[in-house]
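**Q** the sequence and its predicted three-dimensional model are supplied below.
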Amino acid sequence: MPSQISQKHPTGLYVLFFAEMWERFSYYGMRAILLLFLIDTVKGGMSMNASESAAIYGIYTASVYLLTLPGGWLADNILGQKKAIWYGGIVIMIGHIILAVPAGSAIFFLGLTTVAVGTGLLKPNISSIVGELYPEGGARRDAAFSIFYMGINLGSFLGIAIVGYLGERISWHLGFGAAAIGMLLGLVVFRIGSERHLKGMGEVPPARISTPESDAQSGTNKKLGYGLVILLIGLLTVLQLSGTIDMTTAQGLAKGAGVIIVIISASYFLFILFAGGLTRVEQKRVLVLIILFLAIALFWAGYEQAGTSLQIFAERHTQRMVGGWEVPSSWFQNFQPTFVLIFAPVLASLWIFLSSKSLNPSIPVKFAAGLILLGLSFFVMVAASNIAVQGNLTSPFFLIFTYFLHTIGELCVSPVGLSSYTKLAPKRYVSQLMGIWFVGASLGNLIAGIFAGGFDEENVMQMPALFNQVAIITTAFGLLLLIFWKPIKGWMGGIS
């Protein structure tokens, strides 16, 4: 079997598979214990309240995705993809090493920032090289990304299991150090493997052809960019001075970042629609992309509760004793990658089967299904929290079933959305709109942190209402997509 697989796919794919696996080991492993470390008051944690900790968590995870925009730009214009991956991995490893040093809050936040910067440099570029291995596109390329996606989830599983255990049971900083070792292994794999199996790929930035038209457009874009920066600074100043938000706190800073992301995204979409030189068909397709952007931000806002509100619920309100041993609360996050590894091939086969029968659901229907499943998962958590508010520990099966619904929803939304953006985006804006896709993920992560900040340790009675709020909003948006899927599909101009 291994020999047959290697004949179908170039060895370079497996170099990237293992490099990404170890990078995700470090990212998800550290992320699994981040909130626990921030709220810990016993074992040398930061002793922060849940609200402030969740806001910091949200800012960090949002920054990782937001920094993929400058990370992609640096690769395209200065470094080339290969150097961006290499330097990004080194920066990530240094960040985890800094986190492994118990030297106070300033050093900790320096390490957190360093990891975010490195991840923003590495993340968008390693996926791009996977695509370069298959210039012909087609089914082999789709299969390659499925294999690559399995590597991401395998790394996530191992990272949460190992780093989570070390951090919770032995030392937080030992856990952060283990994440650094994972990134080191990824660097070794990439360095040795890329020299032999990825020659000529991502070595230098793509050549830029300068014309009077492109130079004029570049000048216009710079002026618009400067204007947007001035607008953002002015708006944030007004919000701060009026007391609407207080950016001297973590919660206020998270809200300010949310304002920035929303305005940048809205401004970009409006620019593309009205000044992008699009045809009528392209404008309708961009409208579909806007709808999918809103849907993916909302989806990730719920899905990423795994590391925030659901992590708090696992830690404080879930029965975790197996025999005489207490399961680390961070391990519950591992149900997501486990279910992905089990069910990704099942859903991929289902879409192929339905397509052969001309029954494959359209993109808006798949998105609707993902959001409705996410909403149902939070109705499960409403039931669980109603038990918790009575002072009882809940069965772990509530969280397990919640993560199962999350995963099936993710498999309906994430790979479908990624593919949709590449197909629906006007050709001259594909790279930029792929960056906006990651901005949607960034916004979702930020909302997840802000939402979890509403958890008051002194008032567990508010848990059912908070979970019910997420359940209703996500289910309602999913139902709206389901109701209007036909006109949305019509705007796609024949693309399916």
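**A** Everything's here; your move.

**Q** run through this protein and note the low-pLDDT ranges.
**A** Counting by pLDDT under 70, the chain contains low-confidence ranges at 1-7, 136-140, 142, 202-222, 224-225, 228, 431, 453-459, 496.

**Q** contacting residues for the residue most central in space within it?
**A** Nearest to the mean C-alpha position of the chain, by Cα atoms, centre = their mean, lies residue 441 at 5.1 Å. Applying Cβ atoms under 8 Å, 6 or more residues apart in numbering, we find residue 441 in contact with 65, 296-297, 300. Every C-beta, even on glycine, is put in place using the N, C-alpha and C of the backbone.

**Q** what's the first helix or strand after the host helix or strand of it?
**A** Residue 441 is part of helix 430-452, with elements assigned from DSSP states H and E. Using DSSP H and E, the helix or strand that directly follows helix 430-452 along the chain is helix 463-483.

**Q** give me the contacts around the helix or strand that that following helix is followed by.
**A** Heading C-terminal from helix 463-483, the first helix or strand you meet, by DSSP H and E, is helix 485-491. Here helix 485-491 makes contact (Cβ under 8 Å, 6+ apart) with 284-285, 287-288, 291, 362-365, 368, 481, 496.

**Q** run the last query once more with 7 Å
**A** Helix 485-491 is contacted from outside by 284-285, 287-288, 291, 362, 364-365, 368, using Cβ atoms under 7 Å, 6 or more residues apart in numbering.

**Q** if any of those residues are buried, put those into a PyMOL selection.
**A** One line in PyMOL is enough to select the buried members of the contacts of helix 485-491, burial here meaning 16 or more other Cβ atoms under 10 Å:
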select buried, resi 284+285+287+288+291+364+365+368
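
**Q** and the contacts of helix 485-491 as CSV, adding secondary structure and distance to residue 327?
**A** Shown next, in CSV, are the contacts of helix 485-491 (DSSP: H, G, I helix; E, B strand; the rest coil; distance: Cβ to Cβ, whole Å):
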residue, secondary structure, distance to residue 327
284, helix, 50
285, helix, 47
287, helix, 46
288, helix, 43
291, helix, 40
362, coil, 41
364, helix, 39
365, helix, 37
368, helix, 35
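
**Q** now render the contacts of helix 485-491 as CSV, adding distance to residue 257.
**A** Output for the contacts of helix 485-491, formatted as CSV (distance: Cβ to Cβ, whole Å):
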residue, distance to residue 257
284, 31
285, 29
287, 26
288, 27
291, 23
362, 34
364, 29
365, 32
368, 29
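
**Q** of the contacts of helix 485-491, just say which sits nearest to residue 223.
**A** Nearest to residue 223 among the contacts of helix 485-491, counting by Cβ to Cβ, is residue 287 at 26.0 Å.

**Q** which residue packs closest to the closest one, ignoring adjacent ones?
**A** Of all residues not flanking residue 287 in the chain, residue 491 sits nearest, at 5.7 Å (Cβ to Cβ, 6 or more residues apart in numbering).

**Q** repeat that for residue 97.
**A** Leaving aside its chain neighbours, residue 97 sits nearest to residue 180 (4.8 Å; criterion: Cβ to Cβ, 6+ apart).

**Q** do the same with residue 48
**A** residue 38 (4.9 Å).

**Q** okay, and the one you found sits in which element?
**A** Residue 38 belongs to helix 11-39 when assigned by DSSP H and E.

**Q** who does that helix touch, helix- and strand-wise?
**A** Other helices and strands packing on helix 11-39, by 3 or more Cβ pairs under 7 Å, 6 or more residues apart in numbering; DSSP states H and E, are helix 50-66, helix 81-99, helix 105-132, helix 138-165, helix 172-197, helix 309-317.

**Q** and the angle from that helix to helix 50-66?
**A** Helix 11-39 runs at 160 degrees relative to helix 50-66, counting by axes from the mean of the first three to the mean of the last three Cα atoms, to 10 degrees.

**Q** list the buried ones in helix 11-39?
**A** For helix 11-39, burial by neighbour count (16+ other Cβ under 10 Å) applies to 12-39.

**Q** same question for stretch 241-249.
**A** Residues 245, 247 are the ones in stretch 241-249 that count as buried (16+ other Cβ under 10 Å).
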